[in-house]
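K.L.:
Provided below for reference: sequence and predicted model.
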Amino acid sequence: MAVTTLVLENNPDREERHAILLNAVREHLENPDLTIEYTSRGQPVLKGSNKYISVTTTEKVMVCAVSDTPVGIDGEHTGRFIGETRTDFIAIAERFFTEEESDFVREGEDTGLRFAKVWVRKEAYCKYTGRGLVDFPNFSVTDGERFYGKINGIPVKRLNVNFPGSNEFIFAIVGDYS
């Protein structure tokens, strides 16, 4: 799978964010007539191209994966998950994750960061399938100790995206790389 990542500025305004994304994808694909529509679950779909996209926004960053085949991407700013926090990541994991994933979050020293690593993989997979977060309990990204390289036969991996401050973010990508 040939994947290109576009690192863009996130904007809190939905219309502005859409315009930034549309202009960047048009420029990247050299197709000024291309449009982006959204499924009922908010998944972006390119019209006027045979490419696929997936988008994640976190903090001031929007990252778009453009691919020849279906793709899912997700990312999070790690600052939301480390240090002093009142969020009970174990309770959230026990409610929304599989038993193995909850064990992974619970049995580490930095539960917030472990939670985020599971979350981005699960959300990237849901973006790939188009089924949404309601599908979270139906698959696992870890055996409780290490991450799977595939979910239901589809490759999932950590994605390195380079931009100033990128070491404060984690990203995952899902797609058929064969």
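P.N.:
Structure received.
K.L.:
which residues in this protein form strands?
P.N.:
3-9, 35-38, 44-47, 52-58, 61-67, 71-77, 150-151, 154-158, 169-175 (DSSP state E).
K.L.:
so the residue nearest the centre of the chain bridges to which residues?
P.N.:
The centroid of the chain falls nearest to D74 when counting by CA atoms, centre = their mean (1.0 Å). Per DSSP bridges, the residues bridged to D74 are A172.
K.L.:
from K47, how far out is it?
P.N.:
Noted for D74: a distance of 23 Å to K47, by CB to CB, to the nearest Å. Any C-beta I mention is one placed from the backbone N, CA and C, and that applies to glycine too.
K.L.:
same question, N10
P.N.:
23 Å.
K.L.:
could you do V7 as well?
P.N.:
Using CB to CB, one obtains 23 Å as the distance from V7 to K47.
K.L.:
between these two, who's got more neighbours?
P.N.:
V7 (14 against 9; other CB atoms under 10 Å).
K.L.:
the more buried one and G132, how far apart?
P.N.:
In this view, V7 and G132 are 25 Å apart by CB to CB.
K.L.:
repeat for V25
P.N.:
In terms of CB to CB, V25 sits 23 Å off from G132.
K.L.:
please apply the same query to P155.
P.N.:
In this view, P155 and G132 are 20 Å apart by CB to CB.
K.L.:
buried set for stretch 28-45?
P.N.:
29, 34, 36, 43-44 (16 or more other CB atoms under 10 Å).
K.L.:
ok, now stretch 73-91?
P.N.:
Buried-residue list, stretch 73-91, by 16+ other CB under 10 Å: 73-76, 78, 81, 89-90.
K.L.:
now pLDDT and distance to R14 too, for the residues you listed, in TSV please.
P.N.:
Below are the buried residues of stretch 73-91 laid out as TSV (pLDDT from 0 to 100; distance: CB to CB, whole Å):
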residue	pLDDT	distance to R14
I73	97	19
D74	98	18
G75	98	19
E76	97	20
T78	95	25
F81	92	25
F89	93	28
I90	93	33
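K.L.:
make TSV out of those and add distance to W119.
P.N.:
Shown next, in TSV, are the buried residues of stretch 73-91 (distance: CB to CB, whole Å):
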residue	distance to W119
I73	13
D74	8
G75	10
E76	7
T78	11
F81	9
F89	9
I90	13
